[in-house]
Each structure stands twice: as structure tokens, then as C-alpha cells.
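> Need coordinates for the following:
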Amino acid sequence: MPNYRRAYVPGATWFFTVNLLQRRNNDLLVRHVDILRDAVRRVHRLHPFAIDAWVVLPEHMHCVWTLPPGDMAYPLRWRLIKTFFCRALPPAEHRSPLRLLRGERGVWQRRYWEHLIRDDEDFRRHVDYVHINPLKHGLVGRVRDWPYSSFHRDVRRGLYPADWAGCIELAVAGDA
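Next up is the predicted model:
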């Protein structure tokens, strides 16, 4: 078994990418976004953390979290979010023999990508990446048109203009 090394820094800020197991033609996360939101709220109540940015796409999500001082238990939080989400869904997905043997659902990839945010510039770049992701994947023509994003909260807070990152149609027309 591979020996995955994770950094554990109490009170740090992290960027995460979390994927569904089956990513092709799968819209499970947006179809059940209310269940996902409930799972995150439950974990947030049990183990508080700051949500600096979050975007939910059809088959994966990106987020930036800051943990409380002295706390480095982000794996616990992800395990609980995944578990609460799965328990609220009917077991309709295909499960491999190994997952059946282990009593695992076939919803999430076992692992996730995490990156320790190093400084303010790294933080800004990752929050921007989170917010622009629906545009990058061609899901919308403007960042503000994707409903499952903390971008809207950050516009209300005055951190981004509503027209941030422009518009695909204008960018394409400008290249002509």
C-alpha cells in the first residue's frame, strides 16, 4: 500500500479537491447539493472551520478552509462530510467487490488532493481558482452564473465585483 504523506499544520489554511468515484457524465453533487450542504453544516457544527471559498461542480468540488488554532484534523472533517453525504443517499451506485467487502459506498474517490496554503498570494490564487472553475469547465459563460459557489457570498462582502473574470462571449468576440 502506498505511504501517502500529508502535512499537518495546526490552524493552517488548505486548498482541497474532492472527486466522485465515477466522474464521467455524473451530476450527483449538484443534483444532491442540499444533502451535501447539510453534511457540511453538520460537520461544521461538530468541528468548526472557516470556509474561505467553495465551489461544487457536478462531479467534484474545490474549497479553501482555515482550521482553528491548534487544530489540524482536516481528514476527520472530510471523512465525516463524505460519510454524512453517503448515508443520506439511497445505495444505488455500483460497488466493486473490494468496496463491498470493506462496507464502503461507491460514491467518493478514497483520497483527495490537499495543498497547504503558503502565503497571501497563494491564498488569493487558490480562491480565484475555486471561483473560476465552473467557467474553466465550460459550465457557464460567466462566473456569477454558477449557483453552487461561495463567489456570490464574496460579491456580497465586496471582495469581488459581480462581473469578475468577465464573460466567455465577450472574450471570444474580443479575439475575433
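> quick one, strands of the chain?
Listed from the start of the chain, the chain has strands (DSSP state E) covering 13-19, 50-56, 60-66, 113-116.
> Out of those, flag the one nearest P97.
Between P97 and these, the shortest separation by Cβ to Cβ is 21.4 Å, and it involves strand 13-19. (C-beta placed from N, C-alpha, C; glycine too.)
> What lies in contact with that closest one?
For strand 13-19, contacts defined as Cβ atoms under 8 Å, 6 or more residues apart in numbering pick out 52, 59-67, 74, 78, 82, 108-109, 112-117, 123, 126, 129-130.
> Next up, the contacts around E93.
Here E93 is in contact with 21-22, 105-107 (Cβ under 8 Å, 6+ apart).
> Quick check on it: phi, psi?
E93 has phi and psi values of phi -80, psi 160 when expressed as degrees, to the nearest 10.
> how close does it sit to E121?
Summarising the geometry, the distance separating E93 from E121, computed by Cβ to Cβ, to the nearest Å, is 40 Å.
> For V30, which non-adjacent residue is spatially closest?
On the basis of Cβ to Cβ, 6 or more residues apart in numbering, the spatially nearest residue to V30 that is not a chain neighbour turns out to be P58, at 5.1 Å.
> The one you found reaches V33, doesn't it?
No - here P58 lies out of contact with V33, judged by Cβ atoms under 8 Å, at a distance of 10.0 Å.
> Show me which of the two is the more surrounded one.
For the pair P58 and V33, the greater number of neighbours falls to P58 (19 against 16), based on other Cβ atoms under 10 Å.
> For the more buried one, list the residues it contacts.
Contact partners of P58, counting by Cβ under 8 Å, 6+ apart, are 26-30, 139.
> Among those residues, which ones are in helices?
Here DSSP state H is the test, and the contacts of P58 give 28-30 as lying in helices.
> Flag every buried residue along the longest helix along the chain.
Among the elements of type helix in the chain, defined by DSSP H, the one spanning the most residues is helix 120-136. Residues of helix 120-136 classed as buried: 123, 126-135 (neighbour count, 16 or more other Cβ atoms under 10 Å).
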